[in-house]
Structures are given as C-alpha cells and as structure tokens.
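K.L.:
Build me a model:
(one chain, ligands or ions: 1)
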Amino acid sequence: MNQGLPLFEQGRHLLSVSQFTRENLRVLFNLADAVDPIAQRQAVCTVLDGAMLGSLFFEPSTRTRLSFESAFLRLGGEVTTTTGFTFSSMAKGESIADTSRVVSGYSDVLVVRHPDEGSVAQFAEASVVPVINAGDGAGEHPSQALLDVYTLEKELNRRGKSVDGCHITILGDLKFGRTVHSLMKLMSLYDNLTFSLFAPVSLELPGEVERYVTARGHKVRFVDTVVEAVRGADVIYATRVQRERMTEELAQANARGDLLNWAILAEADNLEAILMHPLPRDSRPDSYDLSSDVDDLPGLAIFHQTDNGLNVRMAIFLTALGVSNEAVTMTMKRRPWKATLRP
Ligand code: ASP
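P.N.:
Here you go, the predicted model:
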C-alpha cells in the first residue's frame, strides 16, 4: 500500500498519501478534532513553544502556506519563511540538497512546495528534520487530500452517510491537478467507491492513478458530459485548469466558460450535492472552473475545506513532532478575547 514509504508518524517525512492506512488516518483525524477549540479561536495553546518551522515555497501559494504557518503559530511555535526562487540562494545555483541541509539545521520541521515532481522527496533525503510535502509539481499534495477527506467525512456524516460506498464526481484538470491524484489515492482506503470522472481533452487522469484506484476494488467511470458526470453523485469535486503546467495553446483550448454552474446542476437534478474544490477558483472571464452562482447552494463545502485545513495541518505537525492529544490539552487555555463577527 505505501509504495516503499514508511507510514507517517513521529520523526517521519510526509511525502505521499500512500503513507496512510485507515488506522493512522483515524489517529490523525482524532488529533485534528482535538485541536478544534484552537482552530475555532476559543482556546490558545503553547505546546510547540520553542519549535521552529522552516517554510519554503518555490511556487505560488496563498491557502497552503498561510494555513501551514498559521497552524504552527497557533500551536505556539515560530516560523521562518522564504517564497520564490529569487529571494533564496537557489537563484545563485545552490542545489536542493544543500539548501535542504542548511535550512533543516535551523528548523524542527520543514514545509516545502516546489514546481518539480519528486523534488520534495529530494529535500527530504538531505534534511535532518521531517519534511512535509506542500505540493511537488503535478505530483502530490498530501495535506490537501487529508483535509479534503476530513471534510468529506464530516459533510457525509452530517447527512447520515459515510465515505464508504459514496459516489464522487471529479471534474476538470485531472492530468496536472495534483490534488486529484492525492485525493483519489487517499480515498482508496475506504470501501466500495464510485468515481465518475470528466476531463477536457488532453487533461485526462494519468493511468497510474486509475490503476491504483481500480486495484483497490473501486469503480472508475469516464463520462463524456458534465451533466451526466454529476447526475446522482453524493459529492462533486471541481478543479481549476492548471495553466501554469501546460502550453499556452492547451491553456487557450481549455478557456471555455463555466465548468460547473447552477444550470448544469439543475439539469442533472443534483442541486443538493456536496460541492468541493481545492481552491483557488479561477474567476477570470475566460476560465473553465466552478461558477460562483452555486455559492448559495446548501452543499457548498469549499470554505469548510479551507477552515478544516487548519485542524488537519496542526495534526500533521503534532504527528511529525510526536506530540500527544494529552500534551495539547494540558497546554491549551481559554482565551480572554474574542475575534469573530459571528454572534
Ligand atoms: N491549491 C491547489 C494546489 O496547489 C490547487 C490548485 O492550485 O489548483 O495544487
């Protein structure tokens, strides 16, 4: 199951979702539940007092970087950060191995995003502390898949359903969308799933991901229209065209208006489905993505995903650094201030 990588636990890198079994996934999700008062700003915590996160992002990011950094800070740790190649010594020709060895010497854990598939594993080889993959090119994005599945469980449970046996439709750039690759692999830990897939021409799912899922007994349907793909689905996961990973010609061929909107869901008689997206949603006029005209639908879960990302990323750090639920509870205290617009 874990393709040669060890299970994710204390002192280990997190490079791929293949480092999870249903058991250690449950342990991680229990930790994510335990830190909820911290995520909700009802409590503050100092369990990572003195710990340093090295945050290295060599590719654009808003959510992933800010939520990893916020998660570490909320647990009482400190953060050093560098973004882009221009401001790092990689602009002077430094190798991944040297950069990793140096920065890991200043940190207790590294979070790394890099445009090349496999590059984060190279960071891990040279690092003296655990490395968390925050996205390696079109490869994997494990923390996104973990927060997606964490959200999926909660949304389905709220409706009296479970992930086992569910029907999920995945739409959009299935080729370069690393969140799709990680999500399908991680969901394969569950039983008896149906994946309905719709991808525009030239952006189809890599065969390796299809084989991974079918080898674990799940059904994969390739569907020609979005209406048919979303019909009857419990969950719909839409994705952005990853323009930065393709030629301008291919990007232009896939600039065609809404991928999914209210009218399509209405035609498919599925306005109640759970709607997910890893974000960012491309809202430019010529994009091919999820329309904002679905934002008032009851199943919209995209901001639950981003909120849950904080819980899951705290749980990832606590696991990598070997901190127990009990240690978190002992160092958690109610905060005397209130920072919410909600009543
Ligand atoms: N934020 C996700 C990623 O970094 C999805 C995306 O960019 O479309 O892969």
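K.L.:
need the residues of the stretch 151-300 of the chain near the ligand, please.
P.N.:
R178, T179, R240, P278 (C-beta under 6 Å from any ligand atom). Yep, even glycine has a C-beta here, placed from its N, CA and C like the rest.
K.L.:
The third one reaches G172, doesn't it?
P.N.:
It refers to R240. Yes - using C-beta atoms under 8 Å, R240 is in contact with G172, at 6.6 Å.
K.L.:
the more surrounded of these two?
P.N.:
G172 (28 against 22; other C-beta atoms under 10 Å).
K.L.:
Pull the contacting residues for V230.
P.N.:
Contacts for V230 (C-beta atoms under 8 Å, 6 or more residues apart in numbering) come out as T169, L171, S196, I236, L260, I264, L265, A268, N270, A273.
K.L.:
let's see 7 Å
P.N.:
V230 is in contact with T169, I236, I264, L265, A268, N270, A273, counting by C-beta atoms under 7 Å, 6 or more residues apart in numbering.
K.L.:
In strands, which of these fall?
P.N.:
Assigned to strands by DSSP state E, the following of the contacts of V230 qualify: T169, I236.
K.L.:
pLDDT added to the contacts of V230, as TSV?
P.N.:
Listed next are these as TSV, based on pLDDT from 0 to 100:
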residue	pLDDT
T169	98
I236	98
I264	98
L265	98
A268	98
N270	98
A273	98
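K.L.:
now the helices for the stretch 201-343 of the chain?
P.N.:
Taking DSSP state H, counting those that start in this stretch as the criterion, the stretch 201-343 of the chain contains helices spanning 207-214, 226-230, 248-253, 262-267, 302-320, 325-330.
K.L.:
so which of those helices is the most packed in?
P.N.:
helix 302-320 (a mean of 23; mean count of other C-beta atoms under 10 Å).
K.L.:
what's the spacing between that helix and its chain's center?
P.N.:
Between the centre of helix 302-320 and the centre of its chain there are 9 Å (C-alpha atoms, centre = their mean, to the nearest Å).
K.L.:
Who are the packing partners of that helix?
P.N.:
Counting contacts by 3 or more C-beta pairs under 7 Å, 6 or more residues apart in numbering; DSSP states H and E, helix 302-320 packs against helix 22-34, helix 36-39, helix 63-74, helix 142-158, strand 274-276.
K.L.:
okay, the ones you listed, which one's buried deepest?
P.N.:
Highest mean neighbour count of the helices and strands packed on helix 302-320: strand 274-276, a mean of 25 (counted as mean count of other C-beta under 10 Å).
K.L.:
related to what we said a few turns ago, now the helices and strands packed on helix 302-320 as CSV including mean pLDDT?
P.N.:
Listed next are the helices and strands packed on helix 302-320 as CSV, based on pLDDT from 0 to 100:
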stretch, mean pLDDT
helix 22-34, 97
helix 36-39, 96
helix 63-74, 96
helix 142-158, 98
strand 274-276, 98
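K.L.:
will you turn these into TSV that also has distance to S292?
P.N.:
Output for the helices and strands packed on helix 302-320, formatted as TSV (distance: least, C-beta to C-beta, whole Å):
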stretch	distance to S292
helix 22-34	28
helix 36-39	25
helix 63-74	17
helix 142-158	19
strand 274-276	11
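K.L.:
Out of the contacts of V230, which is nearest to the ligand?
P.N.:
Of all the contacts of V230, I236 has the smallest distance to the ligand: 15.8 Å, by C-beta to the nearest ligand atom.
K.L.:
if I pick that closest one, what's in contact with it?
P.N.:
I236 makes contact with T169, L171, V230, L260, A273, L275, M276 under the criterion C-beta under 7 Å, 6+ apart.
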